[in-house]
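Peer 1: coords please:
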Amino acid sequence: MFRIQSIMNKYCLSAVSAAFLVSFALSSCETYPPGQATGLGAGIGAASGALIGAGAAGGRGAAIGAGAGLLAGALVGAAVDAENARYYQAPPGGYPFARRNFPQALGQLMRAVRNLAKVRS
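Peer 2: As a prediction, this is how the structure comes out:
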């Protein structure tokens, strides 16, 4: 005879880990490189369509559901790509970056420390 408590003790860590993994995976906030959202949407759409189709009609339904999910996911992903391209454009001339390298900055820091030591003494 199965006892709910023994099942909970056996699978509790796995269930909590899976719940955290799913929650962290679905709550990410990032922008994708151009074109990546279309492929990601198509893959997720095909997988979910296959699961729904298989549950509804078996093997052939899985193939039909995967095709429909692929198209829907690709359309949604393309819309996400277009939206990201509109909002997240690089400024003219590209993003600025540091001109100094580390050894120069370290040398300037050491000179500033020596000058500070001279002033205090």
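
Peer 1: which residues are in contact with the helix or strand where residue 25 lies?
Peer 2: Per DSSP states H and E: residue 25 is located in helix 4-26. Residues outside helix 4-26 that contact it (CB atoms under 8 Å, 6 or more residues apart in numbering): none are found. C-beta here means a position set from N, CA and C on the backbone, and glycine is covered the same way.

Peer 1: now residue 89, what's its secondary structure?
Peer 2: Classification of residue 89 by DSSP: H, G, I helix; E, B strand; the rest coil places it in coil.

Peer 1: Any idea how many residues pack against it?
Peer 2: Residue neighbour count, defined by other CB atoms under 10 Å, stands at 8 for residue 89.

Peer 1: roughly how far apart are it and residue 80?
Peer 2: Residue 89 sits 15 Å away from residue 80, going by CB to CB, to the nearest Å.

Peer 1: Now do residue 12 against residue 57, distance only.
Peer 2: Taking CB to CB, one finds residue 12 at 35 Å from residue 57.
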